[in-house]
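Student: got a structure for you, letters missing:
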């Protein structure tokens, strides 16, 4: 069975290992047999960076380079720019009339990010309504499946609420509900041990990190604070190095053996850190090289983005046309 998939990222900085295990690796696999669109979400990036638009504009092509470097193929996946798709903004306006402010304020993902970003009453209106913008993105492409982390499930729930309400109001099945595609790997902890790996927290290993940066990052990782001597039994649970080995080491049997050895004692932290560093260096070296090559030809990046955006524009305009027709607002198309 073939899915219609929509996914994307805010253009607020370079992608990192958290993105890789959470979504990018999955996207490379999905493109082999499914119709996939990847959205460079510059408009959503502006919802909490409205005072610093240059941060968004300078990262758009970096994001495209990240996609290509990990193996997303523009011949198999449509890569497009959110702000260049006017149908998305118009769909958002229609959907906003179907959602109450109270419902938006109850969205768990929005609530947690408001606290994290310390917005309080300075909350930009665009940030509050970005779940509706996301619903416009998903429905514009008729996405049946959306790769997300568990923290994004409330967003999909809100999208499906909008879909059901719209279809009920117009009395026909115009929009399609979506399902989540969850990653096999839980959220990757940040290098500081404070929650998830996040661009805004600066606790990441980016896809473009050089060998020295990777080495320093791994050596700085927390292990078991009670594991003071090599001979001491150690805790694996909550041990960041083992969490990363679970995510990045291809030899699951080896990792299981190391965990057992660590628990009973006799295995030093440096040994498991060196193994992790080898895994990450092997993963990132070719990605880093390809990324640098792509960034050296920004004209080609722009061409790829423009070509994908043209295709996405046609699809999103078709959805908008169906929505307007269902609402009885397609006056000029009747002439």
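Tutor: Noted; the coordinates are in hand. Quick caveat, the model's predicted, so the values are computed rather than measured.

Student: hey, which helix is longest across this structure?
Tutor: helix 298-327 (DSSP state H).

Student: Quick check: mean pLDDT of that helix?
Tutor: The average pLDDT within helix 298-327 is 98.

Student: Show me how far that helix is from its chain's centre.
Tutor: 20 Å (C-alpha atoms, centre = their mean, to the nearest Å).

Student: where does the stretch 51-200 of the chain dip in pLDDT?
Tutor: Low-confidence segments of the stretch 51-200 of the chain (pLDDT under 70): 186, 200.

Student: the strands in it, which residues?
Tutor: Taking DSSP state E, counting those that start in this stretch, the strands of the stretch 51-200 of the chain run over residues 77-81, 145-148, 179-182.

Student: Show me the strands paired with the last one, marking each as parallel or antiparallel.
Tutor: Translated: strand 179-182. strand 145-148 (parallel) (DSSP bridges).

Student: same deal with the longest one?
Tutor: Its sheet considered, strand 77-81 pairs with strand 35-41 (parallel) by DSSP bridges.

Student: tell me what whatever helix or strand comes next after the strand it pairs with is packed against?
Tutor: Once the chain leaves strand 35-41, the next helix or strand it forms, by DSSP states H and E, is helix 42-46. Helices and strands touching helix 42-46, by 3 or more C-beta pairs under 8 Å, 6 or more residues apart in numbering; DSSP states H and E, are strand 4-10, helix 53-57, helix 130-140. (Glycine included, C-beta is placed from N, CA and C.)

Student: now, of these, which is deepest in the fold?
Tutor: Among these, the stretch with the highest mean neighbour count (mean count of other C-beta atoms under 10 Å) is helix 130-140, at a mean of 26.

Student: Now do that helix: which elements does it pack against?
Tutor: Partner elements for helix 130-140 (3+ C-beta pairs under 8 Å, 6+ apart): strand 4-10, helix 42-46, helix 86-96, helix 108-116, helix 153-170, helix 298-327.

Student: any idea where the strands of the stretch 201-335 of the chain begin and end?
Tutor: Under DSSP E, counting those that start in this stretch, the stretch 201-335 of the chain gives no strands.

Student: Check the gap between residue 35 and residue 88 for me.
Tutor: Residue 35 sits 18 Å away from residue 88, going by C-beta to C-beta, to the nearest Å.

Student: Looking at these two, which one has more neighbours?
Tutor: residue 88 (25 against 19; other C-beta atoms under 10 Å).

Student: I figured that one hits residue 138, correct?
Tutor: No - taking contacts as C-beta atoms under 8 Å, residue 88 lies outside contact range of residue 138: 10.2 Å.

Student: re earlier: looking at the helices and strands packed on helix 42-46, which is nearest to residue 293?
Tutor: Nearest of those to residue 293, taken as C-beta to C-beta: strand 4-10 at 20.7 Å.

Student: so what does the closest one touch, helix or strand wise?
Tutor: strand 35-41, helix 42-46, helix 130-140, strand 145-148.

Student: Domain ranges for this structure, per the record?
Tutor: With domains defined by automatic domain parsing, the chain comprises 4-188+298-334, 211-292.

Student: rewinding a little: identify whichever of the helices and strands packed on helix 42-46 lies nearest to residue 289.
Tutor: strand 4-10 (21.4 Å).

Student: tell me the angle the closest one makes with strand 35-41.
Tutor: Computed by axes from the mean of the first three to the mean of the last three C-alpha atoms, to 10 degrees, the angle separating strand 4-10 from strand 35-41 equals 20 degrees.

Student: what's the angle between strand 4-10 and helix 130-140?
Tutor: Going by the same axes, to 10 degrees, strand 4-10 makes 140 degrees with helix 130-140.

Student: Contacts for whichever helix or strand comes after strand 4-10, please.
Tutor: As assigned by DSSP H and E, the chain's next helix or strand after strand 4-10 is helix 17-19. Residues outside helix 17-19 that contact it (C-beta atoms under 8 Å, 6 or more residues apart in numbering): 9, 66, 187-188, 190, 196-198, 204-207, 247-248, 280.

Student: same question, stretch 42-51
Tutor: Contacts for stretch 42-51 (C-beta under 8 Å, 6+ apart): 10-12, 53, 55-57, 59-60, 81-83, 88-89, 117, 119, 124, 126-127, 130, 133-134.

Student: gap between that stretch and the chain center?
Tutor: Worked out by C-alpha atoms, centre = their mean, stretch 42-51 lies 16 Å from the chain centre.

Student: how about it: buried residues?
Tutor: 42, 43, 44, 45, 46, 47, 48, 49 (16 or more other C-beta atoms under 10 Å).

Student: ok, the first one to residue 49 distance?
Tutor: Spatial separation of residue 42 from residue 49 under the definition C-beta to C-beta is 10 Å.

Student: got the residue ranges for the helices in the stretch 201-335 of the chain?
Tutor: Using DSSP state H, counting those that start in this stretch, the helices of the stretch 201-335 of the chain run over 211-219, 240-248, 252-264, 269-295, 298-327.
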